[in-house]
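[1] with the sequence up front, the predicted model follows.
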Amino acid sequence: MEPIVISVSFFLTVFAIVYVIFSTRHKERMAMIEKGADPRLFKREPRTFKTNEYLTFKWGLFMIGSAIGILAGALLELYSEFPSGACYFSMILIFGGLALVASYLLRGKMEKKQLNP
(Lines give C-alpha, C1' and ligand atoms only; values in the text may rest on other atoms or scores of the structure.)
Protein backbone atom coordinates (compact mmCIF):
# COMPACT_ATOMS: atom_id res chain seq x y z
CA MET A 1 0.00 0.00 0.00
CA GLU A 2 2.80 2.41 0.88
CA PRO A 3 4.62 2.30 -2.51
CA ILE A 4 1.36 3.16 -4.25
CA VAL A 5 0.84 6.20 -2.05
CA ILE A 6 4.40 7.37 -2.65
CA SER A 7 4.21 6.98 -6.43
CA VAL A 8 0.77 8.64 -6.68
CA SER A 9 1.89 11.55 -4.50
CA PHE A 10 5.04 11.95 -6.60
CA PHE A 11 3.08 12.17 -9.86
CA LEU A 12 0.51 14.51 -8.32
CA THR A 13 3.32 16.77 -7.13
CA VAL A 14 4.93 16.83 -10.58
CA PHE A 15 1.57 17.58 -12.19
CA ALA A 16 0.89 20.39 -9.71
CA ILE A 17 4.29 21.98 -10.35
CA VAL A 18 3.85 21.83 -14.13
CA TYR A 19 0.30 23.21 -13.86
CA VAL A 20 1.40 26.14 -11.70
CA ILE A 21 4.27 26.97 -14.07
CA PHE A 22 2.09 26.98 -17.18
CA SER A 23 -0.86 28.81 -15.61
CA THR A 24 1.42 31.49 -14.14
CA ARG A 25 3.18 31.93 -17.47
CA HIS A 26 -0.17 32.28 -19.23
CA LYS A 27 -1.39 34.90 -16.72
CA GLU A 28 1.83 36.88 -17.05
CA ARG A 29 1.63 36.86 -20.82
CA MET A 30 -2.01 37.95 -20.83
CA ALA A 31 -1.19 40.81 -18.45
CA MET A 32 1.68 41.92 -20.69
CA ILE A 33 -0.54 41.83 -23.78
CA GLU A 34 -3.16 43.91 -21.93
CA LYS A 35 -0.45 46.45 -21.12
CA GLY A 36 0.43 46.71 -24.82
CA ALA A 37 3.28 44.24 -25.35
CA ASP A 38 3.68 42.70 -28.79
CA PRO A 39 2.44 39.06 -28.85
CA ARG A 40 5.31 38.13 -31.17
CA LEU A 41 7.59 38.71 -28.19
CA PHE A 42 6.58 35.29 -26.83
CA LYS A 43 7.43 33.26 -29.90
CA ARG A 44 10.58 31.22 -29.54
CA GLU A 45 13.38 31.43 -32.01
CA PRO A 46 14.04 28.11 -33.71
CA ARG A 47 17.29 26.52 -32.65
CA THR A 48 20.04 26.59 -35.17
CA PHE A 49 21.99 23.56 -36.27
CA LYS A 50 25.16 25.14 -34.90
CA THR A 51 23.83 25.07 -31.32
CA ASN A 52 22.68 21.47 -31.60
CA GLU A 53 25.97 20.48 -33.21
CA TYR A 54 27.98 21.78 -30.25
CA LEU A 55 25.54 20.28 -27.75
CA THR A 56 25.94 16.87 -29.35
CA PHE A 57 29.72 17.31 -29.39
CA LYS A 58 29.75 18.24 -25.70
CA TRP A 59 27.57 15.30 -24.64
CA GLY A 60 29.61 12.92 -26.78
CA LEU A 61 32.84 13.99 -25.12
CA PHE A 62 31.19 13.80 -21.71
CA MET A 63 30.06 10.22 -22.33
CA ILE A 64 33.53 9.23 -23.55
CA GLY A 65 35.07 10.86 -20.47
CA SER A 66 32.62 9.02 -18.20
CA ALA A 67 33.47 5.70 -19.85
CA ILE A 68 37.18 6.36 -19.37
CA GLY A 69 36.40 7.26 -15.77
CA ILE A 70 34.66 3.92 -15.24
CA LEU A 71 37.68 2.11 -16.64
CA ALA A 72 40.05 4.16 -14.49
CA GLY A 73 37.87 3.47 -11.45
CA ALA A 74 38.06 -0.26 -12.12
CA LEU A 75 41.84 -0.06 -12.40
CA LEU A 76 42.09 2.04 -9.26
CA GLU A 77 39.94 -0.45 -7.36
CA LEU A 78 42.02 -3.35 -8.62
CA TYR A 79 45.44 -1.89 -7.80
CA SER A 80 44.72 0.11 -4.64
CA GLU A 81 43.09 -0.24 -1.24
CA PHE A 82 40.46 2.49 -1.80
CA PRO A 83 36.79 1.58 -1.37
CA SER A 84 35.15 0.61 -4.67
CA GLY A 85 32.45 3.30 -4.50
CA ALA A 86 34.99 6.06 -4.03
CA CYS A 87 37.13 4.77 -6.90
CA TYR A 88 34.35 4.74 -9.45
CA PHE A 89 32.62 7.92 -8.30
CA SER A 90 35.78 10.02 -8.18
CA MET A 91 37.15 8.81 -11.51
CA ILE A 92 33.82 9.34 -13.31
CA LEU A 93 33.62 12.90 -11.98
CA ILE A 94 37.26 13.69 -12.78
CA PHE A 95 37.21 12.35 -16.32
CA GLY A 96 33.70 13.67 -17.02
CA GLY A 97 34.81 17.13 -15.89
CA LEU A 98 37.96 16.95 -17.98
CA ALA A 99 35.86 16.02 -21.00
CA LEU A 100 33.60 19.05 -20.46
CA VAL A 101 36.62 21.35 -20.16
CA ALA A 102 38.05 19.81 -23.34
CA SER A 103 34.75 20.37 -25.15
CA TYR A 104 34.78 24.02 -24.08
CA LEU A 105 38.33 24.52 -25.34
CA LEU A 106 37.72 22.63 -28.58
CA ARG A 107 34.53 24.60 -29.24
CA GLY A 108 36.53 27.82 -29.07
CA LYS A 109 39.03 26.45 -31.57
CA MET A 110 36.25 25.25 -33.86
CA GLU A 111 34.54 28.66 -33.78
CA LYS A 112 37.82 30.45 -34.59
CA LYS A 113 38.39 28.07 -37.47
CA GLN A 114 34.90 28.76 -38.87
CA LEU A 115 35.40 32.53 -38.62
CA ASN A 116 38.83 32.47 -40.29
CA PRO A 117 38.78 29.76 -42.98
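    Okay, I see it.

[2] so Ile45, which of the three states?
    I think there's a mix-up here, since residue 45 is Glu and not Ile. Following DSSP: H, G, I helix; E, B strand; the rest coil, the label given to Glu45 is coil.

[3] and the helix or strand where Lys113 lies, what does it pack against?
    Using DSSP states H and E, Lys113 sits in helix 84-115. In terms of contacts (3 or more C-beta pairs under 8 Å, 6 or more residues apart in numbering; DSSP states H and E), helix 84-115 is packed against helix 49-79. To be clear about C-beta, it is placed using only N, CA and C from the backbone, and glycine gets the same treatment.

[4] neighbours around Met110, how many?
    15 (other C-beta atoms under 10 Å).

[5] actually Glu2, not the one I typed
    6.

[6] now do the same for it: its pLDDT.
    With respect to pLDDT, Glu2 scores 78.

[7] which residue sits closest to Ala72, ignoring its sequence neighbours?
    Closest residue to Ala72 apart from its sequence neighbours, by C-beta to C-beta, 6 or more residues apart in numbering: Met91 at 4.2 Å.

[8] so that neighbour makes contact with Gly69?
    Yes. Met91 lies in contact with Gly69 (C-beta atoms under 8 Å); the separation is 4.2 Å.

[9] is Tyr54 in contact with Tyr104, as I believe?
    No. Taking contacts as C-beta under 8 Å, Tyr54 lies outside contact range of Tyr104: 9.9 Å.

[10] more neighbours: which of those two?
    Between Tyr54 and Tyr104, Tyr54 has the larger neighbour count (other C-beta under 10 Å), namely 16 against 12.

[11] grab the nearest non-local neighbour of that one.
    Arg107 (5.6 Å).
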